[in-house]
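Trainee: sequence and predicted model, in that order:
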Amino acid sequence: MSSMESLAQLEVLCEKLYNSRDSAERAHAESTLKCFSENSEYISQCQYILDNASTPYALMLASSSLLKQVSDRSLSLQLRLDIRSYVINYLAARGPKLQNFVIVSLIQLVCRITKFGWFDDDRFRETVKEATDFLGLASQDHYFIGLKILNNLVMEMNQQNPAMPMTLHRKIASSFKDQFLLQIFQISLTSLNQLKSEAPDDFRHVPLDLALKCLSFDFVGSPVDESSEEFGTVQLPASWRPLLQDPSTVQIFFDYYKVNDTRVSKEALECLVRLASVRRSIFVEDPARSQFLSHLMSGTKEILQTGQGLADHDNYHEFCRLLGRFKVNYQLAELLSVEFYGEWIGLIAEFTTRSLLSWQWASNSVYYLLSLWSRLVTSVPYLKGETPSLLDETVPKITEGFITSRISSVQAILADNSLENPLDSVEILQDQLEFLPYLCRFQYQSASLYIINIMEPLLQAYTERSRLPAPGDADELSVIEGQIAWMVHIIAAILKVRQTVGVSQESQESIDAELSARVLQLISVTDTGAHAQRYQELSKQRLDRAILIFVQNFRRSYVGDQAMHSSKLLYTRLSELLGLNDHLVLLNVIVGKIATNLKCYAQCEDVIDHTLSLFLELASGYMTGKLVLKLESVKFIIASHSENFPFLAEYRCSRSRTTFYYILGSLVFMEDSPIKFRTFMEPLQQVAFNLEATPDAAFWNDVAKRAFIGWMRDLRGIAMATNSRKTYGLLFDWLYPSRMPLLLRAIALWTDEPEVTTPLLKFMCEFVLNKAQRVTFDSASPNGILLFREVSKIIVAYGSRILVLPNGTDIYGSKYKGIWISLTILSRALCGNYVNYGVFELYGDRALADALDISLKMTLSVPLSDIMAFRKLSKAYFGYMEVLFNNHIKFVLNLDTNTFVHIVSSLESGLKGLDTGISTQCASAIDSLAAFYFNNITAGDTPPSPAALNLARHIGECPNLFPQILRTLFEIILFEDAGNQWSLSRPILSLIMTSEQMFSDLRAHLLASQTVDQQQRLSQCFDKLMTDVNRNLEPKNRDRFTQNLTAFRHDFRMK
């Protein structure tokens, strides 16, 4: 860039890069200008642009390019120091005249260089002083640039950068915190005091934002999750204590809250939330803690009295969060000791009640208020002394206000379709009901009476509607169902939480029975009379979902395996109210509801899935499973599972069939009766007969297709239920050999129909899985070999056809999904330990060779970029490669060199990925390959085998293959935070053993890539790496090397 003319051309390109609406124009500009961010030779030209360009977009290009250059951490120390000094001086000289986005980019550049060079030279740490110097300059613009530098520096230090290892980031952040963070926070407070009256509203948020970033710093090396009490404490260092004990620190944020600018007031509240979350132990003496608490309570009391700023939703939400923090960090006794506690708690009660009534506006904020009240009431049993907490008067009103507001919301939502119905969202319901049980159980008797008094009239009206010949006014009935649904959810939430401290268990159980009786009574009404015609109505579906949640919670508390012998009082009361005197009678009611839902909800997936989830819980319990088997309703379901459940015929519910038959299979296998199993399978056998008898021409129609899809999903569920050698044998004998030709026929006819092939392949994927060693045959049985032959036939039939099909628009759905399931089938079969695979080659059987050949062709048909892009595909691919390299490496070595290199290079790509599981699989495969090379070529005494000769030829034609992988492994160990270092150490040793020269070359390369100050340390680390490591791959030697490698990594990363 030697002339102003070329600078003008560059400015035009920058304008297009940042402003053009033409994507092609932007792409061309980006391609032309990317050299500035990728080539370090252009750094001087970036400086030229900053000095001479007249447009902000050119300045932005120079700044952002320098930022990318410094982020790769390869620039020399002196160059980084020069860039930092230049940008600081540039901001001082020209900063006030620059566009804000250019200032922000330049500041980010300074802060990034500062962080990355923090331990390289003390001069990098002068950034804080230089930023402070800006505050002393005459102009207000310089003042705010100084604050922005500090702001961005705190953010940069607190935020991990992908280019920096986590351990180094934490060391730098800790050093910065110890040396400068308190000073910066003091600067923010000083600025807040100075600017309180004289600064424009637009500028007031700058020091406030700085204070917020200081208080939000990761003080202990684990990010704060403010929604969780466990991690919700701000761990300020002890050196901050004097600032916190100074009343003006808290007061300045309350003062700023009163500013009319909503951004300022919200950030002030955010600072107060963090101050209210400061660890208790920072105050050594109780009077200091009490004074701090009193100041926070006084400030919030004033806001509650005036209501100032609470009309703004963001302020309102943040204020609720602030109130929610009081009980997280302070004991109830400490709150009571504040003289105006009574007035304060009364104001919060009124505020909470108003918030509950404004549920449309404040639904997300109420969560924090209810969390406060729930923590207050759970502290009452531990409270000592005579001071009244006033919770006896306030909490019942809040409980009633919550229930009333939910009931009234039903009518409002029906009248306004734009409102979201909380009954449709499990997450919203969970948030809204999480704390209610504690409030209800605080005054359980009165709360239960209030609930029953609301529930009874609703139940009566609903029961009367069931007796009418027609449902009547649909809207009115929808409101009743919605209101009952809310009451059922509330009762379900109460039953989910059982209080154990400070209450009588007998009285709790008795009231639980009273509430539960109303819902159990409801169950007998919901499916009778006119209500039996309303399964397609949303309000009816919401009600049934609520009932299912109630039953799940009730079962866990009173019907589960642990609860059966400890709930006699509840059953005594239920017997008096409803005649339900033991678990078996109650289970019969529950299973009856399950059966009714499965019969009647043919088209509602949500209710079907929720019902099956409950059924699965019952069937899976050790005691409940045995009890359920005694019920006539369950015997009916098992005996007539095909004709009485219309949802099985609904294509949209076809996925639910697998769960349904998994449950039924589990129950049938519990009885350990081959005769009952065969009887149970008769409907499925009839489906198979019908399909087998269908000619090919009719096999294509939707009726046959859907019958086959359903059959596959059913069989997969039953296969999932086989958890022992005996039960698996029953299913195997039922399937083989008579049913297997049907699977092959379906693959041949429907290869291009993923909706058919996917269930079939997923069934095989389950069928070949040797979980719990279920696939175990007698020593004289050929069944293991026969099973693999069938696997091979299906894989070959599918693969040979799918490969010739053209790629569709949805290539994942049409091809890749089937390929990854096929690879998983083969991986599971090859690792199942039920076949001696040597017999195939010995007796000239092509089953293994054909399966491996076609699977390889399928993998090669998928571009590596696509393998890496689709998570399930990559998981299956690399899992299959691990199996191949560990168990069938000769097959890999017999491939041509190009294919071999492609596969091994893909393993290197897997190492570099973010998935630790895939990285571990790749490391295992590479270890097997390198160990084979070492044992058969490097250290081999006997004449090399054909496979070893092939490997030597491959490596000879591609000599950089092993060095490149070893380099990648060392770079991961040194510069990344891999969670599988043990797994990565295995292939590193094996590769080192293959060639000492390769290791020496790598060492020289890594040393040359480091800065001069790091070269000596890395060299010393390498010297220790092979200490006491012998030239073999024995387990003890491997373990010693792993220990050395861990120390090598630790020593290098220490600064």
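Mentor: Alright, I've got the coordinates.
Trainee: tell me how far the nearest residue to Leu433 once chain neighbours are set aside lies from Arg441.
Mentor: Nearest residue to Leu433, sequence neighbours excluded (C-beta to C-beta, 6 or more residues apart in numbering): Ala493, at 4.0 Å. Every residue, glycine included, has its C-beta placed from N, CA and C. As judged by C-beta to C-beta, to the nearest Å, Ala493 and Arg441 stand 11 Å apart.
Trainee: point me to the residue sitting closest to the centre of the chain.
Mentor: Asp915 (13.7 Å; C-alpha atoms, centre = their mean).
Trainee: I figured that one hits Gly879, correct?
Mentor: No. Here Asp915 lies out of contact with Gly879, judged by C-beta atoms under 8 Å, at a distance of 11.3 Å.
Trainee: residues in contact with Pro422?
Mentor: By C-beta atoms under 8 Å, 6 or more residues apart in numbering, the residues touching Pro422 are Ser363, Arg406, Ser409, Ile428, Leu429, Gln432.
Trainee: recalculate using a threshold of 7 Å.
Mentor: For Pro422, the contact set (C-beta atoms under 7 Å, 6 or more residues apart in numbering) comprises Ile428, Leu429, Gln432.
Trainee: please give the element, helix or strand, for the first one.
Mentor: Ile428 belongs to helix 426-433 when assigned by DSSP states H and E.
Trainee: next one: the following helix or strand past that helix to chain centre, how far?
Mentor: Using DSSP H and E, the next helix or strand after helix 426-433 towards the C-terminus is helix 436-442. Centroid displacement of helix 436-442 relative to its chain, using C-alpha atoms, centre = their mean, to the nearest Å, is 30 Å.
Trainee: which helix or which strand is home to Thr394?
Mentor: Going by DSSP H and E, Thr394 is part of helix 391-415.
Trainee: which residues in the stretch 101-250 of the chain form strands?
Mentor: For the stretch 101-250 of the chain, no strands turn up when DSSP state E, counting those that start in this stretch is the criterion.
Trainee: contacting residues around the residue nearest to Tyr18 when sequence neighbours are not counted?
Mentor: Leaving aside its chain neighbours, Tyr18 sits nearest to Tyr57 (4.8 Å; criterion: C-beta to C-beta, 6+ apart). Residues in contact with Tyr57 (C-beta under 7 Å, 6+ apart) are Cys14, Glu15, Tyr18.
Trainee: what about the stretch 451-600 of the chain, any weak spots by pLDDT?
Mentor: Scanning the stretch 451-600 of the chain with the threshold set as pLDDT under 70 gives 471, 499-503, 560-565.
Trainee: tally of neighbours for the residue nearest to Thr114 when sequence neighbours are not counted?
Mentor: Leaving aside its sequence neighbours, Thr114 sits nearest to Thr127 (C-beta to C-beta, 6+ apart; 4.4 Å). With neighbours defined by other C-beta atoms under 10 Å, the count for Thr127 comes to 22.
Trainee: lowest confidence element among the helices and strands of this protein?
Mentor: Here the helix or strand of the chain ranked lowest by mean pLDDT, DSSP states H and E is helix 359-362, holding a mean of 78.
Trainee: and it, what's buried?
Mentor: Neighbour counts over helix 359-362 (16 or more other C-beta atoms under 10 Å) mark Trp359, Ala362 as buried.
Trainee: and the contacts of it?
Mentor: Tyr316, Ser355, Ser405, Ser409, Leu419.
Trainee: so what's the last one up against?
Mentor: Read that as Leu419. Leu419 touches Gln360, Ala412, Ile413, counting by C-beta under 7 Å, 6+ apart.
Trainee: nearest to Ile480, of those?
Mentor: Each of the contacts of Leu419 was checked against Ile480 using C-beta to C-beta; the closest is Ile413, at 13.9 Å.
Trainee: quick one, grab the pLDDT at the closest one.
Mentor: Here the pLDDT value assigned to Ile413 is 88.
Trainee: any chance of the backbone angles for the nearest residue to it once chain neighbours are set aside?
Mentor: Setting aside the residues directly before and after it, Ile413 is nearest to Leu419 in space (C-beta to C-beta, 6+ apart), at 4.8 Å. Dihedral pair for Leu419: phi -80, psi 140, per degrees, to the nearest 10.
Trainee: the closest residue to Arg953 other than its chain neighbours: how many residues sit nearby?
Mentor: Nearest residue to Arg953, sequence neighbours excluded (C-beta to C-beta, 6+ apart): Thr897, at 6.9 Å. Residues lying near Thr897 (other C-beta under 10 Å) number 15.
Trainee: tell me which stretches of the stretch 601-750 of the chain form helices.
Mentor: 605-620, 622-629, 632-639, 654-670, 674-693, 696-699, 702-721, 725-735, 740-749 (DSSP state H, counting those that start in this stretch).
Trainee: tell me what angle the helix or strand following the last one forms with helix 725-735.
Mentor: Of the helices and strands lying after helix 740-749 in sequence (DSSP H and E), the nearest is helix 754-767. Inter-element angle recorded for helix 754-767 and helix 725-735: 140 degrees (by axes from the mean of the first three to the mean of the last three C-alpha atoms, to 10 degrees).
Trainee: contacts for helix 754-767, please.
Mentor: So helix 754-767 is contacted by 705, 708-709, 712-713, 715-716, 719-720, 743, 746-747, 750-751, 791, 794, 798, 813-814, 817-818, 821-822, 824-825, 828 (C-beta under 7 Å, 6+ apart).
Trainee: tell me the mean pLDDT over that helix?
Mentor: On average, helix 754-767 scores 96.
Trainee: buried stuff in that helix?
Mentor: 754, 756-767.
Trainee: could you do stretch 699-716 as well?
Mentor: Buried, per 16+ other C-beta under 10 Å, within stretch 699-716: 699, 704-716.
Trainee: ok, now stretch 1002-1011?
Mentor: Leu1002, Arg1003, Leu1006, Gln1010.
Trainee: and what of stretch 590-598?
Mentor: Ile590, Val591, Gly592, Lys593, Ile594, Ala595, Thr596, Asn597, Leu598.
Trainee: cool, stretch 33-49 as well?
Mentor: Quick answer for stretch 33-49 (16+ other C-beta under 10 Å): Leu33, Phe36, Ser37, Tyr42, Ile43, Gln45, Cys46, Gln47, Ile49.
Trainee: and of these, the nearest to Asp121?
Mentor: Of those, the one sitting nearest to Asp121 (C-beta to C-beta) turns out to be Ile43, at 18.4 Å.
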